[in-house]
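# Using only what follows, build the 3D model:
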Amino acid sequence: MNEVRNIETGGGGSGRGHKAVSTEGATPHAHSELPLGLSRRFILFNLLAALLLSWPLLAFGSPSYIQDSAAYYKGGRAAVSFALAKVDGPNVVAPSAPTNHSSGRPAPPPENAAENASGVRSITYSVVAYLLSAPGGTLLLLAIAQALAAGTLMVATIGAFGGLPTRRTVLALILLAGTTTAATTAYFAVPDIFAGLLIGFMTLLTVAWSRLSMTLRLLCAGIAVFAATAHASHIPIAAGMTILGLCWIAIRHHYKRPVPRWTWVWVIAPLALGGLTTLAVNTVAFGEVSMTAKRYPFALARSVNDGPARWYLEKNCSKLRYAICEVYPHGLPKGGALEFLWGKDGVVERSTPEQLDRIRAEEADLVLAAAREYAGQEAGRLTINIGRQLINFRPYPFVERLVLDDTGSPQLVSAPKSNEWVLTAVFIVTAISVAIGTAWLGRAFIVRRSLRPVIALMFLGVLGNAATCALLSAVANRYQARVVWLIPLFALALGGPLIGRRSDEGENPPPDAAPVRRQT
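From the prediction side, this is the model:
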């Protein structure tokens, strides 16, 4: 008979310590017999987290917006109208699709809007944004839903690794809401918060899914699937996290340390289901089986901004037949990536829908050709950009409001410029909390072997986000602000049980543990 010892954990839904049993010679994944469930206690902590994350409403009076916020609303309205027209028949009069920025180009009829669109953002997020646009098109319900989703990740992560004792959980939620970018990102009316949620939930579903009840696993997986569809940059992040998870499973099996039986299912679920959802939506909307249908040419804009694509086109446009050369026969416009795309002389403004389709089709070949010809400059610039992106995470300012005009179209208007000092304070305390969290997790990675998988996955996800944004778009504060709050979250979740009072939590078992029952 194997030697039996009791260890005290907090993995159950009640938040109190539960007696779990580990046996010598049994699987090294032993932990609490009671996984964290979607209990009343969990829901109350989730509501508390969402409430704490809502402090931007007190400081600024509304969520934060950019032009993309209005575009998501318009895209969602067009998608819902398109769906209703398909369901109810041709007698339904649907609002026309919006014009392309300030071009004044007449909007196509609803049935042709999709195929004539210059470019679109995530359809799934656009639909959700439109459906949750109340009150009055402010997207406030959308921001509240984003805060609830962020609260779900926070409570699930804290509970999975140390239970939900009242004092420690409340303190952790206060710290996360007040000393990270989580609150300002949740109340930013674009899908930025879902990049952090994707990385966080995929980390849990890889190394700690057996610590969650089936109901809570499905909730976490559902949010992760939606997150994968919410922005074009999220699919590459999901793919990277999936590859890392499968590699971890393979390494465990190689060293005869098996993981719980169905781990691979939870590892691949966000990417597989998110990818299939995106393919299905694009097929219905555009008749194109593609993950990136009607995307804007962000990678080309980034390469032009960095130099290689600009130099390559200036040198070769006279002898190549790229569509971008037709649009700019006398040379590319000056300015950054955003001006290249949406400026007064930008690609979206000057190109016809047919030319934009060709630019999208030629984008990969053009960017790769420029990278080969200017390999040194491309590698150096990308390395610098990734480094810059990692340390740029100032919250996006709350300087505009979203209002509906007389025609029902969303417009951005200037907001009262007050309390902007709050964002400076958030940036400073976030830098401090990230530095402390990084230092603690780095030390834990060295001295605690059982914590290495979860720490490595989270940090590689944060790094992958920086690399994805630097490669496909440009360096921007908001891109790293959307994920950097994961570092304090996982530091608090993993550190609490280890440094807290043993009467509350006891010592935390391995994060990839699976429940085992007492052996006799």
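
# other SSEs contacting the longest helix seen in the chain?
For the chain, the helix with the greatest residue count under DSSP state H is helix 421-447. Secondary-structure packing of helix 421-447 (3 or more C-beta pairs under 8 Å, 6 or more residues apart in numbering; DSSP states H and E): helix 182-186, helix 452-472, helix 486-499. No exception for glycine: its C-beta is placed from N, CA and C like everyone else's.

# residues touching residue 466, list them.
Each residue near residue 466 by C-beta atoms under 8 Å, 6 or more residues apart in numbering is listed here: 386, 389, 390, 479, 480.

# In strands, which of those residues fall?
Among the contacts of residue 466, none falls in strands (DSSP state E).

# Just the ones of those residues in helices?
386, 389, 390, 479, 480.

# Kindly indicate which of these lies nearest residue 413.
The closest of those to residue 413 turns out to be residue 479 (C-beta to C-beta; 25.5 Å).

# in terms of contact, does that closest one touch residue 469 like I think?
Yes: here residue 479 reaches residue 469: they are 4.1 Å apart, a contact under C-beta atoms under 8 Å.

# what is in contact with the two at once?
With C-beta under 8 Å, 6+ apart as the test, residue 479 and residue 469 both reach residue 389.

# between the two, who's got more neighbours?
Taking other C-beta atoms under 10 Å, residue 479 and residue 469 do not tie; residue 469 has more neighbours (26 against 22).

# can you pull the contacts of that one?
233, 389, 475, 476, 479, 480.

# What of residue 302?
Residue 302 neighbours (C-beta under 8 Å, 6+ apart): 337, 470, 471, 472, 473, 474.

# make it 7 Å
337, 472, 473, 474 (C-beta atoms under 7 Å, 6 or more residues apart in numbering).

# Which single one of those residues is nearest to residue 276?
residue 472 (21.7 Å).

# burial count for the closest one?
Residue 472: 16 neighbours (other C-beta under 10 Å).

# just checking, it touches residue 298?
Yes: if you go by C-beta atoms under 7 Å, residue 472 and residue 298 touch, sitting 5.2 Å apart.

# now the ones in helices among the contacts of residue 466 as a markdown table including distance to residue 34 and pLDDT?
Putting the ones in helices among the contacts of residue 466 into a markdown table (distance: C-beta to C-beta, whole Å; pLDDT from 0 to 100) gives the following:
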| residue | distance to residue 34 | pLDDT |
| --- | --- | --- |
| 386 | 42 | 94 |
| 389 | 41 | 94 |
| 390 | 38 | 94 |
| 479 | 39 | 95 |
| 480 | 37 | 96 |
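
# Just the buried subset of those residues, please.
386, 389, 390, 479, 480 (16 or more other C-beta atoms under 10 Å).

# Go through these and name the one nearest residue 142.
When these are compared against residue 142 (criterion: C-beta to C-beta), the nearest one is residue 479, at 19.7 Å.

# CA atoms of stretch 215-227 as CSV?
Below are the C-alpha coordinates for stretch 215-227, written out as CSV (Å, rounded to 0.1, in the frame of the first residue of the first chain):
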residue,chain,number,x,y,z
THR,A,215,-19.2,24.1,-16.2
LEU,A,216,-16.3,26.6,-15.5
ARG,A,217,-14.1,24.9,-18.1
LEU,A,218,-16.8,25.4,-20.8
LEU,A,219,-17.2,29.0,-19.8
CYS,A,220,-13.5,29.7,-20.0
ALA,A,221,-13.2,27.9,-23.3
GLY,A,222,-16.2,29.8,-24.7
ILE,A,223,-14.7,33.1,-23.9
ALA,A,224,-11.4,32.0,-25.3
VAL,A,225,-13.1,30.9,-28.6
PHE,A,226,-14.8,34.2,-28.9
ALA,A,227,-11.5,36.0,-28.1
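
# can you list the residues that contact that stretch?
Taking C-beta under 7 Å, 6+ apart as the rule, stretch 215-227 contacts 36-38, 124, 149, 152, 156, 194, 197-198, 201-202, 204-205, 209, 212, 234, 266, 269-270, 273-274, 277.
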